[in-house]
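J.: just need the structure, nothing else, for what follows:
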Amino acid sequence: GLVQEVAEDHMWVALSPVVRGRVHVLDAADDPLRLARFAEDFKAGQGVTARVLQVQAKKHQLDLSLVAPGSGSTAGSTGDYQHKAGDLVMGRVAGLSGAGLKVQLGHRRYGRIAVTDLYDAWVPNALEGVKEGAF
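T.: Numbering: from 1, shown residues only. Alright, predicted model coming up:
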C-alpha cells in the first residue's frame, strides 16, 4: 500500500480506494532507533509492504504491521497475541512514577516495569535519564 498520512504514534496506509490500514509506531520497525525516527522515515506516498494483524470490516480498516513475526516487536500488538514470561518486546515509556514505568507495548496495550527490575544492582536514582516517549 501507499502511506497516506503519518502521525506521532501511527500512520495510515491506503490499500484501495475504500480500504486503509493503520500501522502503530511499535508495529513499524524492530529497531528502537528507527522507531525514534518514525515521522522522518515514513512519508506520504511511500510504498510499504505490511501484514494484517486485525480486520475491522465495518470501518473498512485494517491494523497492519511492517515487522516480520517473531522479530522481537509487539508481533501483533492489536490482535490476540499474548506475551509470555521471558519474551523480549518493543515498547515506549508512557509514564513514570516512583514505583517504576508504564510501558506501551502496542496500540492500547500497556505493561508495567517495577523500579526494582530496571537494574541488576542498586542505583541511587533508577529513573534518572528515563524520559516519557523513549523506546
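J.: use CA for all of it now, contacts and neighbours both
T.: Fine.
J.: per-residue pLDDT of the most centrally placed residue in the chain, please?
T.: The centre of the chain sits closest to Leu26, judged by Cα atoms, centre = their mean, with a distance of 1.5 Å. Note for Leu26: predicted pLDDT of 88.
J.: quick check on it: phi, psi?
T.: Main-chain dihedrals, Leu26, degrees, to the nearest 10: phi -70, psi -10.
J.: you'd agree it is up against Val103?
T.: No - at 11.5 Å, Leu26 does not count as touching Val103 under the criterion of Cα atoms under 8 Å.
J.: any low-confidence regions in this protein?
T.: Filtered on pLDDT under 70, the chain yields the residue ranges 70-83.
J.: where do the strands sit along it?
T.: For the chain, strands defined by DSSP state E occupy the ranges 2-6, 10-14, 20-24, 51-56, 61-65, 92-97, 100-106, 109-114.
J.: on that earlier part again, what do Leu26 and Val103 both touch?
T.: 91-92 (Cα atoms under 8 Å, 6 or more residues apart in numbering).
J.: could you report the distance from Ala85 to Asp117?
T.: 14 Å (Cα to Cα, to the nearest Å).
J.: more neighbours: these two, which one.
T.: Asp117 (10 against 5; other Cα atoms under 10 Å).
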